[in-house]
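1. Need coordinates for the below:
(one chain, ligands or ions: 1)
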Amino acid sequence: KEKVEITKAQRALMKVIVDAYNRHKIPQDVAKKLLQDQYSAEENFLLLTEMATSQVQVLVEFTKNIPGFLSLNHEDQIALLKGSAVEAMFLRSAQVFSQKMPNGHTEVLEERIRKSGISEEFMTPMFNFYKSIGELHMIEEEQALLTAITILTPDRPFVKDQQAVERLQEPMLEVLRKLCVLQHPQEPQYFARLLGRLTELRTLNHYHAEMLTSWRMNDHKFTPLLCEIWDVQ
Ligand SMILES: O=C(NC1CCCCC1)[C@H](C1CCCCC1)n1c(-c2ccc(-c3ccccc3)s2)nc2ccccc21
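-> Sure, this is the predicted structure:
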């Protein structure tokens, strides 16, 4: 039986990531807002662009706190942010969707999202992902590390020094692996399941531009920041 122990250095790394993650969490109020009222497709689209814009700003702040990130080549820093922003948005959305809510609220939230203006064909892959994240019952350390690992994906488009990114991602993967063994001793496959979600996240990434342009309304307006991040317009 492997004796797994998180070293002092690994605990320090985890603390930095979790503190940054908690400091840079945008308020969960999007779920509360969606539960309060039924909005039109136009209002929902505007809400998404507002939430997404603030989430990208938050993501940049979180990423700056990842040890070593600011020492990477500057173009590579941009390539990593651009390449992971949508996945981080879906990962955060999944965590918001899976958070504990009073009885019946999750069903109302799901209904509101189904009727938000996103075309039908994307609902199944999106909710399958949200539910598979929910089933993992991740603790915040796992959520924070998974977000950092997503950002530090070496094979994003246009990344020049992939080895430098791997050198930052590997210690995060190792801490997460140990954490999973300690947190879920009776489930040796838990770490593998967690990483499997990142593969599912990439498929959602693939749909995102079409989800936006097919939003049930005409004249989709995007901020310049979102045009950069969302490959639209
Ligand atoms: O506000 C939201 N997400 C915030 C993003 C930043 C981080 C916090 C969450 C949206 C709302 C959906 C309904 C209409 C308003 C916007 N949302 C989604 C998304 C479905 C599709 C999404 C998308 C992203 C990029 C590109 C193409 C499509 S995000 N899933 C949610 C699950 C639970 C609560 C909200 C959720």
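
2. Flag every residue of this structure that's near the ligand.
-> The chain comes close to the ligand at residues 26, 30-31, 44, 47-48, 51-52, 55, 86, 89, 92-93, 96-97, 113, 116, 118, 208, 211-212, as judged by CB under 6 Å from any ligand atom. Backbone N, C-alpha and C define where each C-beta goes, glycine included.

3. Give the PyMOL command for selecting the buried subset of those residues.
-> The following PyMOL line selects those of the residues of the chain next to the ligand that are buried, judged by 16 or more other CB atoms under 10 Å:
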select buried, resi 26+30+31+44+48+51+52+55+86+89+92+93+96+97+113+116+118+208+211+212
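
4. The residues of the chain next to the ligand in helices, which ones?
-> 30-31, 44, 47-48, 51-52, 55, 86, 89, 92-93, 96-97, 113, 208, 211-212 (DSSP state H).

5. mind listing the helices in the chain by residue range?
-> Going by DSSP H, the chain shows helices at 8-23, 29-36, 41-64, 74-98, 105-114, 123-136, 140-151, 162-183, 190-213, 224-230.

6. residue contacts, the closest residue in space to Leu212 that isn't next to it in sequence?
-> Leaving aside its chain neighbours, Leu212 sits nearest to Val232 (5.6 Å; criterion: CB to CB, 6 or more residues apart in numbering). Contact analysis of Val232 by CB atoms under 8 Å, 6 or more residues apart in numbering lists 209, 212-213, 220, 222, 226.

7. Give the other helices and strands that the helix or strand of the chain with the lowest mean pLDDT contacts.
-> Using mean pLDDT, DSSP states H and E, helix 29-36 stands out as the lowest-scoring helix or strand of the chain, at a mean of 89. Applying 3 or more CB pairs under 8 Å, 6 or more residues apart in numbering; DSSP states H and E, one finds that helix 29-36 makes contact with helix 41-64, helix 74-98, helix 105-114.

8. Just name the most buried of those.
-> helix 74-98 (a mean of 20; mean count of other CB atoms under 10 Å).

9. Do you know the pLDDT at His233?
-> No His there; residue 233 is Gln. You'll see Gln233 listed with a pLDDT of 84.

10. just checking, it touches Pro224?
-> No: with contact defined as CB atoms under 8 Å, Gln233 does not reach Pro224; the gap is 9.3 Å.

11. Give me the nearest residue to Lys64, chain neighbours excluded.
-> Closest residue in space to Lys64, ignoring its immediate chain neighbours: Leu70 at 6.1 Å, by CB to CB, 6+ apart.

12. separation between the one you found and the ligand?
-> For Leu70, the distance to the ligand equals 24 Å [CB to the nearest ligand atom, to the nearest Å].

13. Look up how far Asn128 lies from that residue.
-> Counting by CB to CB, to the nearest Å, the separation of Leu70 from Asn128 is 36 Å.

14. looking at it, Glu141 is touching Leu179, isn't it?
-> Yes: the pair Glu141 and Leu179 qualifies as a contact (CB under 8 Å) at a distance of 5.9 Å.

15. what bits of this protein have low per-residue confidence?
-> In the predicted model of the chain, residues 1-2, 26-28 satisfy pLDDT under 70.

16. Reformat the helices and strands packed on helix 29-36 into a markdown table and put distance to Glu187 next to each item.
-> What follows is the helices and strands packed on helix 29-36, written out as a markdown table (distance: least, CB to CB, whole Å):
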| stretch | distance to Glu187 |
| --- | --- |
| helix 41-64 | 28 |
| helix 74-98 | 18 |
| helix 105-114 | 24 |
